[in-house]
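Student: Quick one, what's the 3D model for this:
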Amino acid sequence: MKLNIKAFALTCGILWGFGVFFLTWWIIAFDGPGNSPMLLGRIYRGYSLSPIGSVVGLVWAFVDGLIGGAAFAWLYNRFAGSLRIT
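Tutor: This is a model prediction of the structure:
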C-alpha cells in the first residue's frame, strides 16, 4: 500500500503545527508566559512562550511537519515496494 504524499504531508503539518500551538497555550495557561529559553525557541526563529510566539511556532511547525511528512511518505513509498513480505 502506498501513501499519498501530499495528504500525508499536509496531515503531519497540521498536526505538528496545532500541537505546538496548543502546547504553547497550555504552558502559558498553567505556568504563565515566560522568557526562559526553550528548545523550540532555538529551532524555530521567533518562537517564545507568548501569544505571538504561539502563532510563530504554528507556522514554523506546519512547514516543518509538511517537509518531514513528505520526506517520510516518499521514503515509505520508495522502500515499501522492494520490501514486500508475502
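
Student: looking at this protein, which helix or strand does the model trust least?
Tutor: Within the chain, no helix or strand scores below helix 39-43, which has a mean of 80 by mean pLDDT, DSSP states H and E.

Student: Are we agreed that residue 46 is in a strand?
Tutor: No: Residue 46: not assigned to a strand; according to DSSP: H, G, I helix; E, B strand; the rest coil it is coil.

Student: Let me see the contact set for it.
Tutor: 53, 56, 60 (CB atoms under 8 Å, 6 or more residues apart in numbering). To be clear about C-beta, it is placed using only N, CA and C from the backbone, and glycine gets the same treatment.

Student: Kindly recompute the last result at 6 Å.
Tutor: Residues near residue 46 by CB atoms under 6 Å, 6 or more residues apart in numbering: residue 56.

Student: For the spatially most central residue of the chain, what is the enclosing helix or strand?
Tutor: Central residue of the chain (CA atoms, centre = their mean): residue 16, 3.0 Å from the mean position. Using DSSP states H and E, residue 16 sits within helix 5-31.
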